[in-house]
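Q: just coords:
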(Lines give C-alpha, C1' and ligand atoms only; values in the text may rest on other atoms or scores of the structure.)
Protein backbone atom coordinates (compact mmCIF):
# COMPACT_ATOMS: atom_id res chain seq x y z
CA UNK A 1 0.00 0.00 0.00
CA UNK A 2 1.12 3.50 -0.64
CA UNK A 3 1.58 5.35 2.63
CA UNK A 4 -0.37 8.42 1.63
CA UNK A 5 -2.58 10.43 3.95
CA UNK A 6 -6.17 9.34 3.55
CA UNK A 7 -9.09 11.81 3.55
CA UNK A 8 -9.52 13.07 7.07
CA UNK A 9 -12.75 11.83 8.55
CA UNK A 10 -13.98 12.73 12.00
CA UNK A 11 -10.60 14.03 13.21
CA UNK A 12 -10.63 16.95 10.84
CA UNK A 13 -14.18 17.22 9.56
CA UNK A 14 -15.26 20.33 7.74
CA UNK A 15 -18.04 22.78 7.06
CA UNK A 16 -17.87 25.12 4.12
CA UNK A 17 -19.84 27.93 2.57
CA UNK A 18 -18.87 28.72 -0.99
CA UNK A 19 -20.47 31.68 -2.74
CA UNK A 20 -20.15 31.27 -6.50
CA UNK A 21 -21.31 34.41 -8.30
CA UNK A 22 -21.63 33.74 -12.02
CA UNK A 23 -20.31 36.56 -14.15
CA UNK A 24 -22.58 35.84 -17.09
CA UNK A 25 -25.99 36.76 -15.73
CA UNK A 26 -28.42 36.42 -12.85
CA UNK A 27 -30.55 33.62 -11.54
CA UNK A 28 -33.60 33.19 -9.40
CA UNK A 29 -32.95 32.15 -5.79
CA UNK A 30 -32.54 28.43 -5.29
CA UNK A 31 -31.30 27.68 -8.81
CA UNK A 32 -27.88 27.00 -10.25
CA UNK A 33 -25.99 29.83 -11.98
CA UNK A 34 -27.29 30.29 -15.55
CA UNK A 35 -24.95 28.97 -18.22
CA UNK A 36 -22.40 27.80 -15.65
CA UNK A 37 -21.87 24.16 -14.78
CA UNK A 38 -18.88 24.10 -12.48
CA UNK A 39 -18.44 20.31 -12.73
CA UNK A 40 -14.82 19.40 -13.25
CA UNK A 41 -11.36 19.50 -11.71
CA UNK A 42 -10.10 22.85 -10.45
CA UNK A 43 -6.48 23.74 -9.68
CA UNK A 44 -5.74 26.74 -7.53
CA UNK A 45 -3.79 28.39 -4.75
CA UNK A 46 -4.54 29.84 -1.34
CA UNK A 47 -2.60 32.86 -0.11
CA UNK A 48 -2.86 33.32 3.63
CA UNK A 49 -2.96 36.87 4.94
CA UNK A 50 -2.67 35.44 8.47
CA UNK A 51 0.60 33.54 7.98
CA UNK A 52 1.81 34.66 4.51
CA UNK A 53 1.89 30.96 3.55
CA UNK A 54 0.86 29.79 0.09
CA UNK A 55 -1.00 26.51 -0.30
CA UNK A 56 -2.11 24.49 -3.32
CA UNK A 57 -5.73 23.55 -3.95
CA UNK A 58 -7.48 20.82 -5.94
CA UNK A 59 -11.26 20.60 -6.15
CA UNK A 60 -12.99 17.64 -7.79
CA UNK A 61 -16.44 19.15 -8.15
CA UNK A 62 -19.72 17.58 -9.26
CA UNK A 63 -22.74 19.77 -9.87
CA UNK A 64 -26.25 18.48 -10.59
CA UNK A 65 -28.68 21.34 -10.76
CA UNK A 66 -28.45 23.04 -7.40
CA UNK A 67 -26.63 20.15 -5.72
CA UNK A 68 -22.85 20.26 -5.42
CA UNK A 69 -20.42 17.69 -4.05
CA UNK A 70 -16.69 18.28 -3.75
CA UNK A 71 -13.58 16.28 -2.96
CA UNK A 72 -11.01 18.81 -1.79
CA UNK A 73 -7.28 18.67 -1.14
CA UNK A 74 -5.29 21.60 0.29
CA UNK A 75 -1.56 21.31 0.94
CA UNK A 76 1.58 23.33 1.49
CA UNK A 77 5.08 22.53 2.67
CA UNK A 78 3.81 22.08 6.23
CA UNK A 79 0.33 20.52 6.12
CA UNK A 80 -2.34 18.87 4.03
CA UNK A 81 -6.10 18.55 4.42
CA UNK A 82 -8.23 16.28 2.26
CA UNK A 83 -11.90 15.44 2.64
CA UNK A 84 -15.20 14.99 0.79
CA UNK A 85 -17.92 17.61 1.14
CA UNK A 86 -21.52 17.83 -0.01
CA UNK A 87 -24.25 20.44 0.09
CA UNK A 88 -26.91 22.42 -1.72
CA UNK A 89 -26.59 25.52 -3.86
CA UNK A 90 -29.12 28.26 -3.17
CA UNK A 91 -28.95 31.77 -4.60
CA UNK A 92 -25.34 31.17 -5.66
CA UNK A 93 -24.36 30.04 -2.17
CA UNK A 94 -23.59 26.44 -1.31
CA UNK A 95 -23.32 25.33 2.31
CA UNK A 96 -21.35 22.17 3.08
CA UNK A 97 -21.27 21.10 6.69
CA UNK A 98 -19.58 18.55 8.86
CA UNK A 99 -18.86 18.95 12.56
CA UNK A 100 -15.32 19.77 13.67
CA UNK A 101 -13.95 22.60 11.55
CA UNK A 102 -15.16 25.55 9.54
CA UNK A 103 -13.89 26.58 6.12
CA UNK A 104 -15.51 29.24 3.96
CA UNK A 105 -14.76 30.09 0.36
CA UNK A 106 -16.55 33.04 -1.24
CA UNK A 107 -15.83 34.38 -4.68
CA UNK A 108 -16.72 34.81 -8.32
CA UNK A 109 -16.75 32.23 -11.10
CA UNK A 110 -16.36 33.70 -14.57
CA UNK A 111 -17.57 32.38 -17.95
CA UNK A 112 -13.94 31.46 -18.71
CA UNK A 113 -14.03 29.08 -15.72
CA UNK A 114 -11.62 31.00 -13.57
CA UNK A 115 -12.54 31.81 -10.00
CA UNK A 116 -11.22 33.96 -7.17
CA UNK A 117 -12.27 35.18 -3.76
CA UNK A 118 -11.61 34.98 -0.05
CA UNK A 119 -11.48 32.09 2.41
CA UNK A 120 -11.52 31.48 6.14
CA UNK A 121 -10.28 28.31 7.83
CA UNK A 122 -11.10 27.99 11.50
CA UNK A 123 -9.87 25.28 13.86
CA UNK A 124 -9.02 24.79 17.51
CA UNK A 125 -5.59 26.32 16.81
CA UNK A 126 -6.98 29.58 15.47
CA UNK A 127 -8.36 31.17 12.31
CA UNK A 128 -6.55 31.41 9.00
CA UNK A 129 -7.79 33.91 6.42
CA UNK A 130 -6.70 34.79 2.93
CA UNK A 131 -7.50 34.81 -0.76
CA UNK A 132 -7.85 32.01 -3.30
CA UNK A 133 -7.76 31.67 -7.07
CA UNK A 134 -8.57 28.66 -9.22
CA UNK A 135 -9.15 27.58 -12.81
CA UNK A 136 -10.91 24.58 -14.24
CA UNK A 137 -8.73 22.30 -16.32
CA UNK A 138 -10.03 20.51 -19.44
CA UNK A 139 -12.05 17.34 -18.86
CA UNK A 140 -11.31 14.13 -20.75
CA UNK A 141 -14.21 11.72 -21.17
CA UNK A 142 -13.15 8.10 -20.73
CA UNK A 143 -15.06 4.85 -21.16
CA UNK A 144 -14.08 2.15 -18.66
CA UNK A 145 -14.55 -1.55 -19.33
CA UNK A 146 -13.53 -4.28 -16.91
CA UNK A 147 -10.77 -6.47 -18.32
CA UNK A 148 -10.17 -8.84 -15.42
CA UNK A 149 -10.20 -9.14 -11.64
CA UNK A 150 -7.55 -10.74 -9.47
CA UNK A 151 -6.85 -11.83 -5.92
CA UNK A 152 -4.59 -9.37 -4.12
CA UNK A 153 -3.87 -5.73 -4.75
CA UNK A 154 -2.34 -4.38 -7.96
CA UNK A 155 -0.09 -1.52 -6.82
CA UNK A 156 2.30 -1.72 -9.79
CA UNK A 157 1.79 -2.74 -13.43
CA UNK A 158 3.67 -2.53 -16.71
CA UNK A 159 3.52 -4.19 -20.16
CA UNK A 160 6.61 -5.62 -21.89
CA UNK A 161 5.06 -6.06 -25.34
CA UNK A 162 3.80 -9.56 -24.57
CA UNK A 163 2.96 -9.90 -20.89
CA UNK A 164 1.51 -7.70 -18.19
CA UNK A 165 3.67 -7.58 -15.06
CA UNK A 166 1.81 -7.03 -11.78
CA UNK A 167 2.84 -6.58 -8.17
CA UNK A 168 0.93 -5.92 -4.98
CA UNK A 169 0.08 -7.17 -1.51
CA UNK A 170 -1.44 -10.64 -1.81
CA UNK A 171 -0.99 -10.67 -5.59
CA UNK A 172 0.23 -13.70 -7.58
CA UNK A 173 -0.60 -16.12 -4.77
CA UNK A 174 1.86 -14.47 -2.36
CA UNK A 175 1.26 -14.14 1.37
CA UNK A 176 2.79 -10.69 1.37
CA UNK A 177 3.86 -8.69 -1.71
CA UNK A 178 3.66 -10.79 -4.87
CA UNK A 179 5.33 -10.22 -8.24
CA UNK A 180 4.46 -12.07 -11.46
CA UNK A 181 3.57 -11.77 -15.11
CA UNK A 182 0.13 -12.30 -16.62
CA UNK A 183 -1.33 -12.68 -20.05
CA UNK A 184 -3.28 -9.63 -21.21
CA UNK A 185 -6.52 -11.31 -20.07
CA UNK A 186 -5.22 -11.64 -16.50
CA UNK A 187 -4.23 -15.31 -16.72
CA UNK A 188 -1.28 -16.10 -14.45
CA UNK A 189 1.86 -16.66 -16.53
CA UNK A 190 4.68 -17.20 -14.00
CA UNK A 191 7.23 -15.47 -11.81
CA UNK A 192 10.87 -14.65 -12.50
CA UNK A 193 13.57 -16.52 -10.63
CA UNK A 194 15.13 -15.06 -8.66
CA UNK A 195 12.50 -12.46 -7.74
CA UNK A 196 13.68 -8.93 -6.91
CA UNK A 197 13.79 -7.79 -3.26
CA UNK A 198 10.53 -6.37 -1.89
CA UNK A 199 8.76 -7.59 -5.04
CA UNK A 200 8.44 -4.21 -6.77
CA UNK A 201 5.34 -3.18 -4.85
CA UNK A 202 5.68 0.54 -5.55
CA UNK A 203 5.69 1.12 -9.32
CA UNK A 204 6.92 -0.53 -12.52
CA UNK A 205 8.00 0.50 -16.03
CA UNK A 206 9.57 -1.32 -19.00
CA UNK A 207 12.34 0.32 -21.06
CA UNK A 208 12.58 -2.32 -23.77
CA UNK A 209 15.19 -4.35 -21.93
CA UNK A 210 14.50 -4.19 -18.19
CA UNK A 211 11.65 -3.76 -15.77
CA UNK A 212 12.21 -0.76 -13.53
CA UNK A 213 10.70 -1.59 -10.15
CA UNK A 214 10.34 0.68 -7.15
CA UNK A 215 9.76 -0.60 -3.67
CA UNK A 216 6.47 0.01 -1.89
CA UNK A 217 4.95 -0.08 1.56
CA UNK A 218 4.79 2.00 4.70
CA UNK A 219 8.21 2.93 6.04
CA UNK A 220 10.01 1.72 2.91
CA UNK A 221 12.37 4.00 0.99
CA UNK A 222 10.98 4.26 -2.54
CA UNK A 223 14.25 5.71 -3.85
CA UNK A 224 15.61 2.21 -4.46
CA UNK A 225 14.91 1.10 -8.03
CA UNK A 226 15.54 -2.45 -9.22
CA UNK A 227 16.28 -3.22 -12.86
CA UNK A 228 14.93 -6.70 -13.53
CA UNK A 229 15.47 -8.81 -16.63
CA UNK A 230 12.13 -10.27 -17.78
CA UNK A 231 14.05 -13.17 -19.32
CA UNK A 232 15.91 -14.56 -16.30
CA UNK A 233 14.98 -12.42 -13.30
CA UNK A 234 18.52 -11.11 -12.82
CA UNK A 235 18.47 -7.87 -10.84
CA UNK A 236 20.62 -4.78 -10.43
CA UNK A 237 19.75 -1.66 -8.45
CA UNK A 238 19.95 2.11 -8.61
CA UNK A 239 19.02 4.82 -6.14
CA UNK A 240 16.97 7.83 -7.18
CA UNK A 241 16.44 10.67 -4.84
CA UNK A 242 15.28 12.41 -3.00
CA UNK A 243 11.83 11.00 -3.66
CA UNK A 244 8.83 9.48 -1.97
CA UNK A 245 6.07 7.33 -3.47
CA UNK A 246 7.99 7.17 -6.73
CA UNK A 247 6.03 6.33 -9.91
CA UNK A 248 7.98 5.55 -13.08
CA UNK A 249 7.21 5.29 -16.81
CA UNK A 250 9.40 5.02 -19.89
CA UNK A 251 9.07 7.67 -22.64
CA UNK A 252 9.69 5.68 -25.83
CA UNK A 253 9.94 8.84 -27.95
CA UNK A 254 12.81 10.46 -26.05
CA UNK A 255 14.09 7.11 -24.72
CA UNK A 256 14.00 8.59 -21.23
CA UNK A 257 12.67 7.23 -17.96
CA UNK A 258 10.34 9.67 -16.22
CA UNK A 259 9.11 9.69 -12.66
CA UNK A 260 6.47 11.43 -10.58
CA UNK A 261 7.01 11.64 -6.84
CA UNK A 262 6.14 13.43 -3.64
CA UNK A 263 8.89 15.09 -1.61
CA UNK A 264 8.04 16.49 0.92
CA UNK A 265 4.33 17.43 0.71
CA UNK A 266 4.97 18.52 -2.87
CA UNK A 267 4.72 16.54 -6.11
CA UNK A 268 7.26 16.72 -8.92
CA UNK A 269 7.83 15.30 -12.39
CA UNK A 270 11.38 14.45 -13.39
CA UNK A 271 13.49 12.94 -16.17
CA UNK A 272 16.03 10.29 -15.16
CA UNK A 273 19.42 9.95 -16.86
CA UNK A 274 21.24 6.72 -17.69
CA UNK A 275 23.05 6.75 -14.34
CA UNK A 276 19.82 7.10 -12.37
CA UNK A 277 20.38 10.79 -11.64
CA UNK A 278 17.43 13.16 -11.93
CA UNK A 279 18.20 15.56 -14.80
CA UNK A 280 15.16 17.88 -15.02
CA UNK A 281 12.33 18.53 -12.58
CA UNK A 282 9.09 20.52 -12.59
CA UNK A 283 6.45 20.87 -9.87
CA UNK A 284 3.07 19.21 -10.34
CA UNK A 285 -0.24 20.74 -9.14
CA UNK A 286 -1.21 17.29 -7.81
CA UNK A 287 -0.77 16.14 -4.23
CA UNK A 288 -0.40 12.36 -4.25
CA UNK A 289 0.81 10.67 -7.47
CA UNK A 290 0.75 6.88 -7.22
CA UNK A 291 1.29 5.55 -10.76
CA UNK A 292 2.51 6.76 -14.15
CA UNK A 293 2.10 5.32 -17.68
CA UNK A 294 3.22 6.37 -21.17
CA UNK A 295 0.78 5.78 -24.07
CA UNK A 296 3.15 6.57 -26.93
CA UNK A 297 2.45 10.31 -27.05
CA UNK A 298 1.58 11.43 -23.50
CA UNK A 299 1.78 10.38 -19.87
CA UNK A 300 -1.11 9.36 -17.64
CA UNK A 301 -0.81 9.96 -13.91
CA UNK A 302 -3.01 8.42 -11.22
CA UNK A 303 -3.66 10.61 -8.18
CA UNK A 304 -4.56 9.02 -4.86
CA UNK A 305 -6.89 11.76 -3.62
CA UNK A 306 -9.03 13.02 -5.10
CA UNK A 307 -8.86 9.81 -7.21
CA UNK A 308 -8.26 11.10 -10.72
CA UNK A 309 -6.43 10.39 -13.98
CA UNK A 310 -4.33 13.25 -15.35
CA UNK A 311 -2.89 13.49 -18.85
CA UNK A 312 0.57 15.13 -18.99
CA UNK A 313 2.80 16.19 -21.86
CA UNK A 314 6.51 15.36 -21.87
CA UNK A 315 7.29 18.55 -19.96
CA UNK A 316 4.89 17.71 -17.14
CA UNK A 317 2.16 20.16 -18.17
CA UNK A 318 -1.33 18.94 -17.24
CA UNK A 319 -3.41 18.58 -20.41
CA UNK A 320 -6.63 17.40 -18.79
CA UNK A 321 -8.31 15.26 -16.15
CA UNK A 322 -10.46 12.14 -16.39
CA UNK A 323 -12.58 10.27 -13.88
CA UNK A 324 -11.19 6.95 -12.63
CA UNK A 325 -12.87 3.58 -13.18
CA UNK A 326 -15.93 2.85 -11.02
CA UNK A 327 -15.16 3.31 -7.34
CA UNK A 328 -17.39 3.37 -4.28
CA UNK A 329 -16.95 6.84 -2.73
CA UNK A 330 -18.00 5.46 0.66
CA UNK A 331 -15.40 2.66 0.60
CA UNK A 332 -12.15 4.09 1.91
CA UNK A 333 -10.42 0.75 1.38
CA UNK A 334 -10.60 1.29 -2.40
CA UNK A 335 -7.75 3.05 -4.19
CA UNK A 336 -6.84 3.94 -7.76
CA UNK A 337 -3.65 1.95 -7.44
CA UNK A 338 -1.81 1.35 -10.75
CA UNK A 339 -1.65 2.27 -14.45
CA UNK A 340 -0.11 0.62 -17.51
CA UNK A 341 -0.42 0.87 -21.30
CA UNK A 342 -0.58 -2.30 -23.39
CA UNK A 343 -0.16 -0.76 -26.84
CA UNK A 344 -3.92 -0.37 -27.35
CA UNK A 345 -5.49 0.60 -24.03
CA UNK A 346 -4.65 2.51 -20.90
CA UNK A 347 -5.13 0.05 -18.03
CA UNK A 348 -6.20 1.27 -14.60
CA UNK A 349 -6.35 -0.90 -11.48
CA UNK A 350 -8.69 -0.29 -8.56
CA UNK A 351 -7.52 -2.19 -5.48
CA UNK A 352 -9.52 -3.00 -2.36
CA UNK A 353 -7.88 -3.87 0.93
CA UNK A 354 -10.03 -5.21 3.76
CA UNK A 355 -10.10 -8.06 6.30
CA UNK A 356 -12.17 -10.25 3.99
CA UNK A 357 -9.38 -10.25 1.41
CA UNK A 358 -7.52 -8.01 -1.00
CA UNK A 359 -8.85 -7.72 -4.53
CA UNK A 360 -8.09 -5.71 -7.66
CA UNK A 361 -10.09 -5.00 -10.79
CA UNK A 362 -8.23 -3.91 -13.93
CA UNK A 363 -10.09 -1.78 -16.47
CA UNK A 364 -9.52 -0.71 -20.07
CA UNK A 365 -9.76 3.10 -20.22
CA UNK A 366 -10.62 4.48 -23.64
CA UNK A 367 -10.93 8.22 -24.42
CA UNK A 368 -14.24 9.10 -26.08
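A: On my side now, so go ahead. Note that this is a predicted model, so its numbers are computed, not measured.

Q: which residues of this structure score low on pLDDT?
A: Scanning the chain with the threshold set as pLDDT under 70 gives 1-35, 88-102, 192-199, 216-224, 239-245, 275-276.

Q: what's the domain layout of it?
A: Domain ranges of the chain: 16-136, 142-367, per automatic domain parsing.

Q: Would you mind finding the most buried of those?
A: Of the domains of the chain, the one with the most neighbours on average (mean count of other Cβ atoms under 10 Å) is domain 142-367, at a mean of 19. No exception for glycine: its C-beta is placed from N, CA and C like everyone else's.

Q: my read: residue 360 touches residue 154, true?
A: Yes. Under the criterion of Cβ atoms under 8 Å, residue 360 makes contact with residue 154 at 3.9 Å.

Q: Need the residues touching each of the two.
A: Shared contacts of residue 360 and residue 154, defined by Cβ atoms under 8 Å, 6 or more residues apart in numbering, comprise 168, 171, 337, 349, 351.

Q: any chance you could read off phi and psi for the last one?
A: In other words, residue 351. phi -110, psi 150 (degrees, to the nearest 10).

Q: Which residue, other than its chain neighbours, is closest to residue 281?
A: Spatial nearest neighbour of residue 281, excluding adjacent residues (Cβ to Cβ, 6 or more residues apart in numbering): residue 270 at 4.4 Å.

Q: same question but for residue 335, I mixed them up
A: Residue 335's closest residue in space is residue 351 (Cβ to Cβ, 6+ apart), at 5.4 Å.

Q: Beta-bridge partners for that neighbour, please?
A: With DSSP bridges applied, residue 351 shows beta-bridge pairing to residue 335, residue 360.

Q: got a list of what it touches?
A: 153-155, 168, 334-335, 337-338, 358-360.

Q: could I get these as CSV with distance to residue 139?
A: Output for the contacts of residue 351, formatted as CSV (distance: Cβ to Cβ, whole Å):
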residue, distance to residue 139
153, 28
154, 26
155, 27
168, 29
334, 22
335, 22
337, 23
338, 23
358, 31
359, 29
360, 26
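
Q: just these now: which is nearest residue 132?
A: Ranked by distance to residue 132 (Cβ to Cβ), those are led by residue 335 at 28.0 Å.

Q: Residue 237 touches residue 225, doesn't it?
A: Yes. With contacts counted by Cβ under 8 Å, residue 237 reaches residue 225, the gap being 6.7 Å.

Q: Distance of the residue positioned nearest the centre of the chain relative to residue 158?
A: Compute the mean C-alpha point of the chain, and by Cα atoms, centre = their mean the closest residue is residue 303, 0.1 Å away. For residue 303, the distance to residue 158 equals 19 Å [Cβ to Cβ, to the nearest Å].

Q: ok, which stretches of this protein are helices?
A: In order along the chain, the chain carries no helices (DSSP state H).
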